[in-house]
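Trainee: Next comes the sequence, and after it the predicted model I'd like to discuss.
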Amino acid sequence: MSAFRNFPPGGPLGGLGANVDMAEVTRLTRAGRLTEAVALIQGHAVPAEPARPAAPTATGRGAGPGTGPGTGPGTGPGTGRGTEPAIDLEAPTEPGGAWTVPGQAGAPDPSEALRAMPDALKGLQETLLGMPAALKTFRPPGGLADLLREGALDGLAGNLAGNLAGNLAGNLAGNLAGNLASHLPGGLGEGLKPRRPVPVPDGARFEERSFSDAAGRRTYKVYVPSGREGQRLPVVVMLHGCTQDPDDFALGTRMNALAEAQGAIVVYPRQERSANAQKCWNWFQPGDQGRGAGEPALIAGIARAVVAEFGADPTRVYVAGLSAGGAAAAILAATYPDVFAAAGIHSGLACGAARDMPSAFAAMSQGGAAPTRPGPAVPTIVFHGDGDRTVHPLNGERVAAQAMPGAPLRETVTRGEAPGGIAYTRTIHADAAGKGQVEAWVLHGAGHAWSGGSPDGSYTEPRGPDASTEMLRFFLEHARVA
């Protein structure tokens, strides 16, 4: 029999015994009412839930990393096949506005609730840490109370209380976050999902680095495949989307596994919250759209540093990105054709698509500009879902158009369907020698997410063709003329 069964309601455990309605705790957690769930666990009364109008149903809802200025993930109606959701986002209606689920504008903000959890749990921990004193008034048969009153078990009681406080608080926070992530509508819980470690085979390396120059400082992670010592390997720079980070993007794209098999170094620059609150690359800021300054200079500098450190092939350096990272990759292709031999743009925008916040939102929702790029054309492969409601599909067309060289190209169009069921149209613009210079994939019914990616990472569409495989294949067909 548990000793805690003898504590009265509202006793030293604050109602944590048999009187807690765990079904109601679970319901509140799933509804995003974390503060109220913790209050119920502590034995406090929870006010009645206000009536809320029924939300309209939508079978095609999902989530993806936003590209907006200083914005994070949102949700919007998608165009998924059957009952499978298209993974998507919908930008705020005005700069600085909130990301909302259609029909659920009054829903609680999970980030605010999570931020409130430490304070709520602090009270719980203080209650548990009061157990030694409470145990001294506890009177089970057998003289335990006398031992406690004499101080003989003070150490044991303190350790018991401390362990219970730490374990219960930790488990509670983990369970609440896990439940919230799995029940939030439209994928808003992506960032709360437990993440498994990025796999690193024996002999391979996945390490943190830092780069600084006059433009600032950024950290990055670099994957070096096993068994390739002394080889001049190609380098692929991968730019994550908003709210993501290097580990998340590595898991979602599975680019490390491809690099291990084919022999490539993969670099994941990290956007800092100090540069953008939602970790978006600042593709819409004039100071981050040119050569020799801002984020383009930092990322190009990281690429050069990796080439120097690992003795990589400077003529085979490539850049790819998703969403805001895709827009940043387009900028790098335009501003550093002497560094990058090819570019991959997934659900992104053309270089110069916007110059400020209002034009950024307009470009995302309607299609941005695609001014002519100065300098030599950089071979480019583009992926974009025609159901993307975060970055209008017209942007994918404009990225491809901006990448076209001056010489005429021969166009070949093929259609197919990925094993997961998403159909696509692939258009290759090849030069006179038959080498593709611009390749565009339109993913029919897909939203704003990395095609063919792994569900281990956020904002992926596993049912689509494998964008990582196709990008690496395209990249390795091209080397920059030294």
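Mentor: Nice, thanks for sending it over. Numbering: from 1, shown residues only.
Trainee: Output the below-cut-off pLDDT ranges for the protein.
Mentor: Regions of the chain meeting the criterion pLDDT under 70 cover residues 1-23, 25-194.
Trainee: now the strands for it?
Mentor: Ranges of strands in the chain, per DSSP state E, are 61-64, 74-77, 205-213, 216-224, 235-239, 265-269, 317-322, 342-346, 380-385, 410-417, 423-430, 436-443, 450-451, 460-461.
Trainee: Which strands or helices does the third one pack on?
Mentor: The contact analysis (3 or more Cβ pairs under 8 Å, 6 or more residues apart in numbering; DSSP states H and E) places strand 205-213 against strand 216-224, helix 294-310. Using the backbone N, CA and C atoms, a C-beta is placed for each residue, glycine as well.
Trainee: and E470, how many residues sit next to it?
Mentor: E470 sits with 18 neighbouring residues when counted by other Cβ atoms under 10 Å.
Trainee: before we move on, back to that, is it possible to get CSV of the helices and strands packed on strand 205-213 that adds mean neighbour count?
Mentor: As requested, the helices and strands packed on strand 205-213 are arranged in CSV below (neighbours: other Cβ atoms under 10 Å):
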stretch, mean neighbour count
strand 216-224, 20
helix 294-310, 21
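Trainee: Adding distance to Q289, write the strands of the chain out as a markdown table.
Mentor: Compiled in a markdown table, those are given as follows (distance: least, Cβ to Cβ, whole Å):
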| stretch | distance to Q289 |
| --- | --- |
| strand 61-64 | 23 |
| strand 74-77 | 24 |
| strand 205-213 | 18 |
| strand 216-224 | 15 |
| strand 235-239 | 14 |
| strand 265-269 | 17 |
| strand 317-322 | 14 |
| strand 342-346 | 15 |
| strand 380-385 | 17 |
| strand 410-417 | 29 |
| strand 423-430 | 25 |
| strand 436-443 | 21 |
| strand 450-451 | 24 |
| strand 460-461 | 28 |
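Trainee: closest to D288 out of the ones you listed?
Mentor: D288 sits nearest to strand 216-224 of all the strands of the chain, at 10.5 Å, using Cβ to Cβ.
Trainee: Please enumerate residues in contact with that closest one?
Mentor: With contacts defined as Cβ atoms under 8 Å, 6 or more residues apart in numbering, strand 216-224 is touched by 200, 204-211, 246-247, 250, 255-256, 259-260, 265-272, 275, 298-299, 302, 306, 310.
Trainee: List the strands paired with it, with their directions.
Mentor: strand 205-213 (antiparallel), strand 265-269 (antiparallel) (DSSP bridges).
Trainee: just those: most buried one?
Mentor: The densest packing among these, expressed as mean neighbour count by mean count of other Cβ atoms under 10 Å, is seen in strand 265-269 with a mean of 28.
Trainee: pretty sure D247 is touching R196, no?
Mentor: No: because the distance of 9.6 Å does not satisfy Cβ atoms under 8 Å, D247 is recorded as not touching R196.
Trainee: More neighbours: which of these two?
Mentor: The neighbour comparison of D247 against R196 (other Cβ under 10 Å) goes to D247, with 18 against 10.
Trainee: mind checking how far the closest residue in space to that one that isn't next to it in sequence is from R254?
Mentor: Closest residue in space to D247, ignoring its immediate chain neighbours: V198 at 5.2 Å, by Cβ to Cβ, 6 or more residues apart in numbering. From V198 across to R254, the span is 10 Å (Cβ to Cβ, to the nearest Å).
Trainee: Excluding chain neighbours, what is closest to D431?
Mentor: Excluding the flanking residues, the one nearest D431 by Cβ to Cβ, 6+ apart is Q437, at 5.5 Å.
Trainee: With A259 instead?
Mentor: In space, and not counting its chain neighbours, A259 is closest to V266: 4.8 Å by Cβ to Cβ, 6+ apart.
Trainee: who's in contact with the one you found?
Mentor: Residues in contact with V266 (Cβ under 8 Å, 6+ apart) are 222-223, 235-236, 238, 250, 255-256, 259.
Trainee: Distance check, it against F206.
Mentor: Spatial separation of V266 from F206 under the definition Cβ to Cβ is 9 Å.
Trainee: ditto for V382
Mentor: Here the criterion is Cβ to Cβ. By it, V382 lies 28 Å from F206.
Trainee: List the buried residues for stretch 427-439?
Mentor: For stretch 427-439, the buried set under the neighbour-count rule, 16 or more other Cβ atoms under 10 Å, comprises 427-429, 436-439.
Trainee: of all those, which two lie farthest apart?
Mentor: Taking Cβ to Cβ, the two most distant members of these are T427 and Q437; they sit 11.8 Å apart.
Trainee: so where do the helices sit in the stretch 251-400 of the chain?
Mentor: Counting by DSSP state H, counting those that start in this stretch, the segments of the stretch 251-400 of the chain that form helices are 255-262, 294-310, 324-335, 357-366, 394-403.
Trainee: Name the nearest residue to S454, ignoring sequence neighbours.
Mentor: Going by Cβ to Cβ, 6+ apart, S454 has R254 as its nearest residue, at 5.2 Å.
Trainee: list the contacts for the one you found?
Mentor: Contact analysis of R254 by Cβ under 8 Å, 6+ apart lists 453-454, 468.
Trainee: circling back: select, out of the strands of the chain, the one closest to P286.
Mentor: Using Cβ to Cβ as the measure, strand 216-224 is the one of the strands of the chain that comes nearest P286, at 16.0 Å.
Trainee: Next, the angle from that closest one to helix 294-310.
Mentor: For strand 216-224 and helix 294-310, the angle between their directions (axes from the mean of the first three to the mean of the last three Cα atoms, to 10 degrees) works out to 40 degrees.
Trainee: coming back round to it: hang on, isn't the residue nearest to D431 packed against H429?
Mentor: Yes: taking Cβ under 8 Å as the contact criterion, Q437 and H429 are neighbours in contact, 5.7 Å apart.
Trainee: between those two, what contacts are shared?
Mentor: By Cβ under 8 Å, 6+ apart, Q437 and H429 have these common neighbours: 404, 409.
Trainee: and L239, bridged to which residues?
Mentor: Checking L239 by DSSP bridges, which sets the bridge assignment, gives partners G321.
Trainee: Tally up the residues packed near it, please.
Mentor: When neighbours are counted by other Cβ under 10 Å, L239 registers 32.
Trainee: Could you shift the numbering so residue one becomes 59, and keep it that way?
Mentor: Understood, numbering begins at 59; the last thing we discussed is L297.
Trainee: Help me confirm that it comes into contact with V377.
Mentor: Yes: distance between L297 and V377: 6.9 Å, which falls inside the contact criterion (Cβ under 8 Å).
Trainee: what sits in contact with each of these two?
Mentor: If you check L297 and V377 against Cβ under 8 Å, 6+ apart, the residues they both contact are 357, 387.
Trainee: Hmm, A412 and P429 touching each other?
Mentor: No: under the criterion of Cβ under 8 Å, P429 lies out of contact with A412, with a separation of 11.3 Å.
Trainee: Redo the contacts of R312 as a markdown table? Include neighbour count and distance to A273.
Mentor: Output for those, formatted as a markdown table (neighbours: other Cβ atoms under 10 Å; distance: Cβ to Cβ, whole Å):
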| residue | neighbour count | distance to A273 |
| --- | --- | --- |
| G511 | 26 | 30 |
| S512 | 15 | 33 |
| S526 | 25 | 29 |
